[in-house]
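**Q** give me a model of this one.
(chains A and B)
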Amino acid sequence: MITELLFNGFAILAVLGAVGLVLFRHPMNGAMSLVVTMVSLAGLYALLSAKLIFALQLIVYAGAIMSLILFIIMFLNLQEKDLPEESGRWYYLLGGVVVIAPIALFLVKIVKTLPGSEATIVGGGFGGIKEVGLVLFQDWLLPFEIVSILLLIALVGAVVLAGKRRLGK
Amino acid sequence: MSALDIFMVVVRVAFSAFIPLCFIAVCVWMERRGAGFFQDRSGPNRANIFGFRAAGLVQNLADAAKLIFKEDVTSGHIKHKFYFVLAPLIVFFTAVVSFAVVPFADTLVLGGKSYLMQGIPLDLGILWFLSFVGFSVYGIILAGWSSTNKYGVLGGLRSAAQVISYEIPMGLAIVSLLVVYGTIHLNEIAQFQGRLLFGFIPMWGAVLQPLGLVIFIVAAFAETNRTPFDLAEGESELVAGFHVEYSAMKFAVFFMGEYVALFVSSAMIVTLFFGGYQVPFLSTATLINNAKPVAFLLMVAVPVAMHYFAGWIRRSNVSHYPRENDPRVFEAEIYIKCFWGLVIFLEVVLLLILFADKGGPAAHIFVMLLQMATFLVKVTMMIFVYIWVRWTLPRFRYDQLQRLGWQTLLPLALLNIFVTSAVVVALS
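**A** Predicted coordinates for the structure are as follows:
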């Protein structure tokens, strides 16, 4: 009962945040609505008893990445007059809705054909930190390391790009 | 859920919500008395109720009355009023909530059931703390940005950049700790520290990870925006930094949030490095088995300590010049009587434990109370370290602060991880 209530609340908040991100004109409002979406997604993960993903969502996405975005917005100190003219945005939105509507209808149809079954919470510490860590470092070690190398490449790339500009000066 | 379950939930939530709030008053009082002590002056000693000054605690009431009844100004030039009001609330709320996973006593076993003694019985531990520390940046950024004030924006920028960059050495210091403890659950971390190294040294994080302790404490000082890292509100350059446009209760909420954050980060340092709630040399099992001798020792020790404490009150609570019928002497006598009343109450409680069953629920509750008291004493000592540093060290320059974070603490933390991992692998 409470779970359903929480699920509906988080789902509605997540969608509203996403809508706000698209519709708000001021970048700060957009970024704050994205924060709302991120936090409600974390809530949904917690309802799925995925504790580690919940914490990571809060620390990495809602905490680190979004606060960097907010920091940049504050750093640029955007005013109303700095924002671009968006006269045709409602037409674009309308066009987007027309394109997406068939896909959405298709998705609704798929969801309706799903067989109804009782959902139960998976036992045995599913989604806990220890369990996810063991699976990650025993069964999926190589893919995990390859993904971390991908991140390292991005990091090195950023450092190289930053260094290049200073040399050019 | 039995009545006991509901009662335990209420007790735990109440403890983890109200203790940080109570410690705001204690922190502010300690800060002022500490400042007075370090600068060789008296500190707050005028505000009183019928002549009772409670060593300066009454000054806090005067402050609260002033802040509540002051006009709450929101300047006309502030366009984003929602964020302006939201910012102090975020700072305060994240600080209070991040205390929810800190254990203040070992798992309590009552009637065959065990209760995890922390506000929210989650095993996320350190991750919970890190996520809410990250969130408090929002409050600072929003406050600085929505103030639409150059000082505010500069203070917010400084503070946000500082918190974001010091999160990295803090996280890395925690990684090396996790390698040692093998768990992120704060209660298990505290239990780990109840053991003894070589049979006579408590296995505290401070002994096992001295470098991690230094890095973590420096990063925690920067995270809480305390001196020597309080550039965000460097008065000489920025007036008051990100809260320059705030007045009355909105400012007070920032102020309270800052002191709750101070309390929580002290609690975190104590839990990670100084054994948490563990009484030094006495693990929980030892305490429960020997509840009666411990209670008897306390029954003897408390009145003796009180005797010396009373003497100290009598000596220090006098006027600085000769007065007839000194009112402060009368005041001191009243305080001493109150404290003796408290001691008698404690003696009665301890006597009850002496007559209770061995290893029964009374012993468990007694150990829990003892561990709570130990935890609070340790946290108070850590808060004193914060105050000590604040009134001793001068403020860093901003480039020095960033250089310390990125060029000193970060490599040291990485080195610490490698050395720790090598030692742990070699020993296992």
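**Q** point me to the residue of chain A nearest chain B.
**A** residue A:63 (2.8 Å; C-beta to the nearest C-beta). No exception for glycine: its C-beta is placed from N, CA and C like everyone else's.
**Q** and for the residue lying closest to that residue once chain neighbours are set aside, the neighbour number?
**A** If the residues on either side of it in the chain are set aside, residue A:63 comes closest to residue B:134, at 2.8 Å by C-beta to C-beta, 6 or more residues apart in numbering or on different chains. For residue B:134, the neighbour count with other C-beta atoms under 10 Å in any protein chain shown is 22.
**Q** could you look up the SS state of the residue positioned nearest the centre of chain A?
**A** Nearest to the geometric centre of chain A sits residue A:38, at 5.3 Å (C-alpha atoms, centre = their mean). Here residue A:38 is helix, with the state taken from DSSP: H, G, I helix; E, B strand; the rest coil.
**Q** quick one: it and residue A:60, what's the gap?
**A** 10 Å (C-beta to C-beta, to the nearest Å).
**Q** residue B:415 now?
**A** Taken as C-beta to C-beta, the span from residue B:415 to residue A:60 is 25 Å.
**Q** equivalent analysis for residue A:148, please.
**A** 14 Å.
**Q** thinking again about what came up before, residues contacting the residue nearest to the centre of chain A?
**A** A:17, A:57, A:61, A:62, A:66 (C-beta atoms under 8 Å, 6 or more residues apart in numbering or on different chains).
**Q** among those residues, who's most crowded?
**A** Counting by other C-beta under 10 Å, top hit in the contacts of residue A:38: residue A:62 with 24 neighbours.
**Q** give the burial count for residue B:263, as a bare number.
**A** 27.
**Q** which of the helices or strands spans the closest residue to it other than its chain neighbours?
**A** Excluding its sequence neighbours, the residue lying closest to residue B:263 (C-beta to C-beta, 6+ apart) is residue B:23, at 4.4 Å. Per DSSP states H and E: residue B:23 is located in helix B:3-38.
**Q** what pLDDT, on average, does that helix get?
**A** What helix B:3-38 shows for mean pLDDT is 87.
**Q** give me the buried positions along it.
**A** Neighbour counts using 16 or more other C-beta atoms under 10 Å in any protein chain shown place B:8, B:12, B:15-16, B:19-20, B:23-34, B:36 of helix B:3-38 among the buried residues.
**Q** and what of stretch B:96-110?
**A** B:96-108.
**Q** re earlier: residue A:148 and residue A:60: which is more packed in?
**A** residue A:60 (14 against 10).
**Q** what sits against residue A:110?
**A** Taking C-beta under 8 Å, 6+ apart as the definition, residue A:110 has no contacts.
**Q** no no, residue A:108
**A** Going by C-beta under 8 Å, 6+ apart, the list of residues near residue A:108 is empty.
**Q** the residue in chain B that chain A sits nearest to sits in which helix or strand?
**A** Closest to chain A within chain B is residue B:134: 2.8 Å, counting by C-beta to the nearest C-beta. In the assignment (DSSP H and E), residue B:134 maps to helix B:126-146.
**Q** what do you get for residue B:109?
**A** strand B:108-110.
**Q** can you give me the offset of the next helix or strand after that strand from its chain's centre?
**A** Once the chain leaves strand B:108-110, the next helix or strand it forms, by DSSP H and E, is strand B:113-115. On the basis of C-alpha atoms, centre = their mean, to the nearest Å, strand B:113-115 sits 26 Å off its chain's mean C-alpha point.
**Q** now do strand B:113-115: which elements does it pack against?
**A** Strand B:113-115 sits against helix B:3-38, strand B:108-110, with contacts defined as 3 or more C-beta pairs under 8 Å, 6 or more residues apart in numbering or on different chains; DSSP states H and E.
**Q** just the buried residues of that strand, please?
**A** residue B:115.
**Q** what mean pLDDT does it get?
**A** 78.
**Q** give the pairing partners of it; include direction for each.
**A** Strand B:113-115 sits in its sheet next to strand B:108-110 (antiparallel), going by DSSP bridges.
**Q** contacts for the partner strand next, please.
**A** Residues contacting strand B:108-110 (C-beta under 8 Å, 6+ apart): B:4, B:8, B:114, B:115, B:117, B:361, B:364, B:365, B:368.
**Q** try it again at 7 Å.
**A** For strand B:108-110, the external contacting residues (C-beta atoms under 7 Å, 6 or more residues apart in numbering or on different chains) are B:4, B:114, B:115, B:117, B:361, B:364, B:368.
**Q** do stretch B:245-264 as well
**A** With C-beta under 7 Å, 6+ apart, stretch B:245-264 has contacts from B:20, B:23-24, B:27-28, B:67-68, B:70-73, B:75, B:78, B:88-89, B:91-92, B:95-96, B:98-99, B:136, B:147, B:149, B:152, B:224-226, B:243, B:379, B:383, B:386.
**Q** could you dump that stretch to CSV, C-alpha only?
**A** The C-alpha coordinates for stretch B:245-264 follow below in CSV (Å, rounded to 0.1, in the frame of the first residue of the first chain):
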residue,chain,number,x,y,z
GLU,B,245,21.6,38.8,1.9
TYR,B,246,20.0,36.7,4.6
SER,B,247,18.6,38.0,7.8
ALA,B,248,16.6,36.9,10.8
MET,B,249,15.4,33.2,10.8
LYS,B,250,16.7,32.5,7.3
PHE,B,251,20.2,33.4,8.5
ALA,B,252,19.6,31.5,11.7
VAL,B,253,18.7,28.3,9.7
PHE,B,254,22.1,28.6,7.8
PHE,B,255,23.8,29.2,11.1
MET,B,256,22.1,26.1,12.7
GLY,B,257,22.8,24.0,9.7
GLU,B,258,26.5,24.9,9.9
TYR,B,259,26.6,23.8,13.5
VAL,B,260,24.7,20.6,12.9
ALA,B,261,27.2,19.9,10.1
LEU,B,262,30.0,20.5,12.6
PHE,B,263,28.4,18.0,15.0
VAL,B,264,27.8,15.4,12.3
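**Q** what separates that stretch from the chain centre, distance-wise?
**A** With C-alpha atoms, centre = their mean, you get 15 Å for stretch B:245-264.
**Q** try stretch B:198-216
**A** 20 Å.
**Q** buried set for that stretch?
**A** So stretch B:198-216, judged by 16+ other C-beta under 10 Å, has buried residues B:202, B:203, B:204, B:205, B:206, B:208, B:209, B:212, B:213, B:215, B:216.
**Q** mind listing what the fourth one touches?
**A** Yep, that's residue B:205 we're talking about. B:177, B:193, B:213, B:272, B:273.
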